[in-house]
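Engineer: build me a model:
(chains A, B, C and D)
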Number of protein chains: 2
Amino acid sequence: MVRHYSIGQMASAGSCKVQTIRYYEQIGLLPMPARSEGNQRIYTQDHRDRLGFIRHSRELGFSLEQIREILALNDDPCHSCAEVDQIARKHLQEVESRIKRLQSMRKELKRMINQCDGKQVRECRIIQTLSNHALCLASQHPGL
Amino acid sequence: MVRHYSIGQMASAGSCKVQTIRYYEQIGLLPMPARSEGNQRIYTQDHRDRLGFIRHSRELGFSLEQIREILALNDDPCHSCAEVDQIARKHLQEVESRIKRLQSMRKELKRMINQCDGKQVRECRIIQTLSNHALCLASQHPGL
DNA sequence: CTAACACCTACAGTGGCTGTAGCTTCAAGC
DNA sequence: GCTTGAAGCTACAGCCACTGTAGGTGTTAG
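Structural biologist: Numbers count the residues shown, from 1 in each chain, chains lettered A, B, ... in the order given. Below is the predicted model of the structure:
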């Protein structure tokens, strides 16, 4: 017996909005499902699994393009998984560099806030630091 | 003697693109400068300082709306700087929660990659983990 | 004088959704 | 069978912070 799901059930299973699912279909990440007589989408377990895959990958920060690639590789089960590994490693590097950037922001923000004595804007150290890059500890920040 | 700058000079001083400066003007973050006979923008030191402020704040991750607020507060030098402090603290919290989310991603990505033996997609642990949320250490990820 | 470059406006595109307007369909209760 | 409210449908606009493009004009060095 085959289970079927409405788009609303898919959305709650995938912890996303109905529009998100329609969007994934529109950009070709989710295959078009069958339609009911009244033109409503009818999903199968396969669709549900694929959505789960996409949502979990998104939670881990993969881009939709990366997910598209991995899904394509996944369709050939005998393919070497070196490419999947490659994508994941590249993403890990991205995540690590984002962490570094944010940590350097955090450091500078903390320093700035601690110097502020909460009096007048005129002598506000936060504004002074923002005005004058040279007041930063790090002479340059990692790019945006 | 008053120094003047072309938009190109502003862009290199602010390490941004010419379009970015026009965009800041369009959304009212940079005041409209005077124009030359040939309709080209002529900037003063004030503009340059303000752009510097914006760019430095952006490097520290403030949103354009936050920057707009801080600039408005800055215009009243006798104003208490408590509100500036407030904005900065809120932003610091945001940065810290982003760091947490990324660190949890990093952990899971590393675990996933280490389990992968680089053979076939069929038995790829990366794909398995992405398919099945339950294979994650963290039962749930911090939201997107 | 010409070539190369900087500048101008106006608008479209990026990623990953999210929201809205104005409909139709479905399921439950009477 | 009828009504009502939720859920579904399409099509399109909007978010952020830019970035890129097309097609023109202004400026400057040789």
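
Engineer: chain A against DNA strand C: which residues are in contact?
Structural biologist: Counting by Cβ under 7 Å from any atom of the strand, the positions of chain A adjacent to DNA strand C are A:16-17, A:19-20, A:23, A:36-40, A:58, A:63-65. Where C-beta positions appear, they are placed from N, C-alpha and C, glycine not excepted.

Engineer: one more time with 10 Å
Structural biologist: Taking Cβ under 10 Å from any atom of the strand as the contact definition, chain A meets DNA strand C at A:6, A:11, A:15-24, A:26-27, A:29, A:35-40, A:42, A:54-55, A:57-59, A:61-68.

Engineer: would it be right to say that residue A:42 lies in a strand?
Structural biologist: Yes: counting by DSSP: H, G, I helix; E, B strand; the rest coil, residue A:42 falls inside a strand.

Engineer: next one: residue A:50 relative to DNA strand C, how far apart?
Structural biologist: According to Cβ to the nearest atom of the strand, to the nearest Å, residue A:50 stands 13 Å off from DNA strand C.

Engineer: quick revisit: just the residues of chain A next to DNA strand C: which are in helices?
Structural biologist: Residues of the residues of chain A next to DNA strand C located in helices (DSSP state H): A:11, A:18-24, A:26, A:54-55, A:57-59, A:64-68.

Engineer: just the buried ones from those, in PyMOL syntax?
Structural biologist: The following PyMOL line selects those of these that are buried, judged by 16 or more other Cβ atoms under 10 Å in any protein chain shown:
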select buried, chain A and resi 11+20+21+24+54+55+57+58+59+66+67
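
Engineer: and the helix ranked longest in chain A, what does it pack against?
Structural biologist: Secondary structure assigned by DSSP H gives helix A:82-115 as the longest helix of chain A. Helices and strands touching helix A:82-115, by 3 or more Cβ pairs under 8 Å, 6 or more residues apart in numbering or on different chains; DSSP states H and E, are helix A:64-74, helix A:125-131, helix B:82-115, helix B:125-131.

Engineer: for it, which residues meet the burial criterion?
Structural biologist: Neighbour-count burial for helix A:82-115, with 16+ other Cβ under 10 Å as criterion, is recorded at A:84-85, A:87-88, A:91-92, A:94-96, A:98-99, A:101-106, A:108-109, A:112-113.

Engineer: measure the nearest residue to residue A:18 once chain neighbours are set aside to residue B:98 for me?
Structural biologist: Among residues not flanking residue A:18 along the chain, residue A:11 sits closest, at 4.8 Å (Cβ to Cβ, 6 or more residues apart in numbering or on different chains). Per Cβ to Cβ, to the nearest Å, residue A:11 is found 26 Å from residue B:98.

Engineer: what do you get for residue A:36?
Structural biologist: 42 Å.

Engineer: ditto for residue A:128
Structural biologist: Taking Cβ to Cβ as the measure, residue A:128 falls 26 Å from residue B:98.

Engineer: whatever residue of chain A ends up closest to DNA strand D is in what secondary structure piece?
Structural biologist: Residue nearest to DNA strand D within chain A: residue A:8 (2.5 Å; Cβ to the nearest atom of the strand). For residue A:8, the host element (DSSP states H and E) is helix A:7-13.

Engineer: and that helix, which residues are buried?
Structural biologist: Under 16+ other Cβ under 10 Å, the buried positions of helix A:7-13 are A:7, A:10-11, A:13.
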